[in-house]
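Chemist: A structural model of the following input is requested.
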Amino acid sequence: EQVARAKQVAARRTPRAVEEVLYVGRLSRDKNVDVLVRALAHSALADCPLRLTVLGDGPERQSLGQLVTELGIAERVTFAGAVPFDGVLDHYERADVLVLASESEGWPKAIAEAMAFGMLCIGSDRGLVPQMLGEGRGRVVPPRDVEALAGTLAAVAGDARWTYGAGQRAAEWAQHYSLSGLREALRALMRHT
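Modeler: Numbers count the residues shown, from 1 in each chain. Modelled structure (predicted):
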C-alpha cells in the first residue's frame, strides 16, 4: 500500500522550483540538524529562501529552536515534532528535498522512503548512503560541513530539471523494493561495495 502510494506521488511530480526541505528523524547531536539549519541560513542560499520542516523530537529540540531564532530564520523553519507514520508520508508528498546528513548511517529508512516518493535526497557520505544515492539518484555531503550542504542545496534549488530527474531515478530504484524486499536491495548494494 505504501509503495503504491509512493508510485502515484512520484508519477505526479513535475520539474518545479525547490522550496520545501524536509528532515525526518531524532533530534540528537549526531543527526547534525544544526548543520542543516546553519546551511539554510548560509549566504549561498540568500537568493533562494528555502523552507525547512523538521519532523521528530529529541534532546536537541530546544537548542535547535534557539539556533533558528539566533540565525533569524524562524519564519522559514517549522518544528512539527513527532508525527505518526501516515503524517510522515503526507510530508513526503509535499516536500521537494530530504536532508539526512548524520555523523554515521547504516541504511537510513527515511532516505529510502523519500526516494520512493520521488524526492531528491541529500545524505552524508557514510554507510550505504553513497550507494543508495549514487548513479544520479541524489547527492552526498560530508557530515558537519555547512558550506558543502549549503552549496548542494543551492545547486539543487537552482536546477529544477536535474532535481526532478534525480527524484525520478530515485523513485525507480526504491520502488523496485517493497518494505520486505529492501533486505535484498541491501544485499545487492553490499555485494557491489
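Chemist: lowest confidence element among the helices and strands of this protein?
Modeler: Within the chain, no helix or strand scores below helix 182-191, which has a mean of 64 by mean pLDDT, DSSP states H and E.
Chemist: State the distance from the most centrally placed residue in the chain to residue 6.
Modeler: When C-alpha atoms, centre = their mean is applied to the chain, the residue found nearest the centroid is residue 98 (1.6 Å). Residue 98 sits 13 Å away from residue 6, going by C-beta to C-beta, to the nearest Å. From N, CA and C alone the C-beta is placed, and that goes for glycine too.
Chemist: Are we agreed that residue 122 is in a strand?
Modeler: Yes: under DSSP: H, G, I helix; E, B strand; the rest coil, residue 122 falls within a strand.
Chemist: That one contacts residue 150, doesn't it?
Modeler: No: using C-beta atoms under 8 Å, residue 122 is not in contact with residue 150, being 11.0 Å away.
Chemist: Residue 127 is in what secondary structure piece?
Modeler: Remark: residue 127 resides in no helix or strand, with elements defined by DSSP states H and E.
Chemist: Just give the nearest non-adjacent residue to it, would you?
Modeler: In space, and not counting its chain neighbours, residue 127 is closest to residue 105: 4.0 Å by C-beta to C-beta, 6 or more residues apart in numbering.
Chemist: How far does stretch 145-153 sit from its chain's centre?
Modeler: Remark: stretch 145-153 is offset 13 Å from the chain centroid, using C-alpha atoms, centre = their mean, to the nearest Å.
Chemist: mean confidence for it?
Modeler: Confidence over stretch 145-153 (mean pLDDT, whole number) is 97.
Chemist: And the contacts of that stretch?
Modeler: The contact list for stretch 145-153 (C-beta atoms under 8 Å, 6 or more residues apart in numbering) reads 21, 35-36, 38-40, 42-45, 48, 50, 97, 99, 101, 122, 139, 141-142.
Chemist: Cool, thanks, talk later.
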